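Visitor: sharing a sequence plus its predicted fold:
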Amino acid sequence: MTRTIHTPRTAGILLPLFSMPSTRSWGIGEIGDLVPMTGWLQDAGLGVLQLLPTNEMAPGQTSPYSAISAMALDPIYISMHAVRDFTIFGGEARLDLADQVAIRSARNARRVDYVSVRRVKEHALRMAFSQFWDTEWVRGTARAGSFAAFCSWEEWWLADYALYRALRERSGGRSWTDWEQPLRRRDREALARAREELDTEILFYQYVQWLADEQWQDARDAAAPVALFGDFPFMVATDSADVWARQHLFRFDATVGVPPDAFSATGQDWGLPVYRWDVMDRDDYRWLRQRAKRSARLFDGYRIDHLVGFYRTFSRPLDSAEGSFDPPNEADQLVLGERLMAIFMGCGARIIAEDLGVVPDFVRRSLTHLGIPGYKVF
């Protein structure tokens with residue numbers, strides 16, 4: 001029997017965060033810009049602002065689906081004018097002339113200059129961190145205590161992420177797959193040595209995520225009653241903190257994509273590692289649950305990207321053009337999909353299925369049964 005679930009009818013817009021810069025931001029939409037945007041939406045009688053992923057993109061990337069972390073917010077979205085340590089340090093006036101020129105140029109550009117904005121914000125954030133270190137951290141102030149509490153609370157993802165970022169920086173931006181073997185394979189002694197050698201750099205990356213988290217929670221509180229919706233990418237990049245830290249959950253001898261269909265005679269190959277559903281099942285999909293809870297902490301709801309992939313994942317071996325689904329049969333696909341949907345539905349946020357394209361009838365029936373809304377393109 002199909003159950004009918006009634007949800008409040010509402011209207012809103014989908015707008016990437018990077019597409020809503022204000023006059024105060026540095027050439028890209030920032031976390032602080034969510035406040036005037038949601039205020040405008042409320043005045044217009046709209047109740048939802050849906051964003052594209054806000055996860056940290058890899059340097060040189062402009063796609064929010066090319067992330068180096070499934071958990072970290074991208075520092076490029078931090079509103080520097082709202083960073084206390086940066087303003088105490090002197091703010092924009094303390095940046096060198098080249099950075100000030102870059103900010104003015106980025107503000108006047110018709111497109112986001114990701115390279116310049118990311119570079120200047122990196123400089124500004126390091127200035128802010130030096131101020132925080134000297135006036136807060138070494139003195140053990142209340143703000144230092146708040147930062148330490150954040151690091152402790154978010155340690156389950158933040159510790160590996162900050163270490164990964166510090167190691168990646170030290171290696172000149174090389175992927176973890178090209179690091180020396182002890183670090184690549186996460187040898188315990190090698191990791192302990194790296195944490196000791198890079199302790200200040202690790203603290204910097206934790207500090208940046210603390211700033212982003214504080215600004216995000218403030219913006220989300222100010223956005224109410226407008227709901228913030230995010231996006232839950234189906235996969236994560238091979239070169240990411242998550243894959244490095246949990247290599248046992250992924251296959252690297254194949255890549256994820258979609259089979260040939262009416263839209264493409266050859267299908268698609270996304271070049272991403274493949275989930276090992278059987279291994280994830282052994283610990284009750286712990287990492288996926290953690291991702292869902294992290295998303296629920298940041299958003300009132302979120303869109304599940306490539307929904308059908310959570311029912312059946314299509315992949316091709318690296319040495320073959322022929323691909324297959326995992327699980328291979330419809331009965332097991334239904335069991336897997338509905339189990340994963342239960343995880344998402346139980347995390348405390350509303351979810352929407354990205355069910356565009358070729359989606360089997362049994363998946364659509366499953367979504368209807370579960371009461372999960374999908375997409376229609378007018």
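Guide: Alright, I've got the coordinates.
Visitor: quick check: Leu211 vs Ala72, distance?
Guide: As judged by Cβ to Cβ, to the nearest Å, Leu211 and Ala72 stand 12 Å apart. C-beta here means a position set from N, CA and C on the backbone, and glycine is covered the same way.
Visitor: ok, Asn108 next?
Guide: For Asn108, the distance to Ala72 - Cβ to Cβ - is 29 Å.
Visitor: when those two are compared, which one has more neighbours?
Guide: Of the pair Asn108 and Ala72, Ala72 is the one with more neighbours under other Cβ atoms under 10 Å, namely 27 against 8.
Visitor: pull the contacting residues for that one.
Guide: The contact partners of Ala72, taken as Cβ atoms under 8 Å, 6 or more residues apart in numbering, are Asn55, Glu56, Trp157, Leu158, Tyr161, Gln209, Ala212, Ala241.
Visitor: let's see if you can find the most crowded of those.
Guide: That'd be Ala241 among the contacts of Ala72, by other Cβ under 10 Å, with 29 neighbours.
Visitor: contacts only, for that residue.
Guide: By Cβ under 8 Å, 6+ apart, the neighbours of Ala241 are Ile68, Ser69, Met71, Ala72, Trp157, Asp160, Tyr161, Tyr164, Arg165.
Visitor: kindly state the pLDDT recorded for it?
Guide: Predicted confidence (pLDDT) at Ala241: the value is 98.
Visitor: give me the nearest residue to it, chain neighbours excluded.
Guide: Tyr164 (3.9 Å; Cβ to Cβ, 6 or more residues apart in numbering).
Visitor: hmm, the one you found is touching Trp176, no?
Guide: Yes. Taking contacts as Cβ atoms under 8 Å, Tyr164 lies within contact range of Trp176: 6.9 Å.
Visitor: identify the contacts common to these two.
Guide: Trp244.
Visitor: ok, back up a step: pick out the most distant pair among the contacts of Ala72.
Guide: Pairwise distances across these peak at 15.0 Å for Ala212 and Ala241 (criterion: Cβ to Cβ).
Visitor: once you drop chain neighbours, what's closest to His248?
Guide: Per Cβ to Cβ, 6+ apart, closest to His248 is Val279, 6.1 Å.
Visitor: which strands and helices sit next to the helix or strand harbouring the one you found?
Guide: Element membership of Val279, judged by DSSP states H and E, is helix 277-282. Here helix 277-282 touches helix 286-298, going by 3 or more Cβ pairs under 8 Å, 6 or more residues apart in numbering; DSSP states H and E.
Visitor: other SSEs contacting the helix it packs on?
Guide: Helix 286-298 sits against helix 155-170, strand 227-232, helix 277-282, helix 330-345, with contacts defined as 3+ Cβ pairs under 8 Å, 6+ apart.
Visitor: buried sites along the last one?
Guide: Along helix 330-345, the positions that meet the burial threshold by neighbour count (16 or more other Cβ atoms under 10 Å) are Gln333, Leu334, Leu336, Gly337, Glu338, Leu340, Met341, Ile343, Phe344, Met345.
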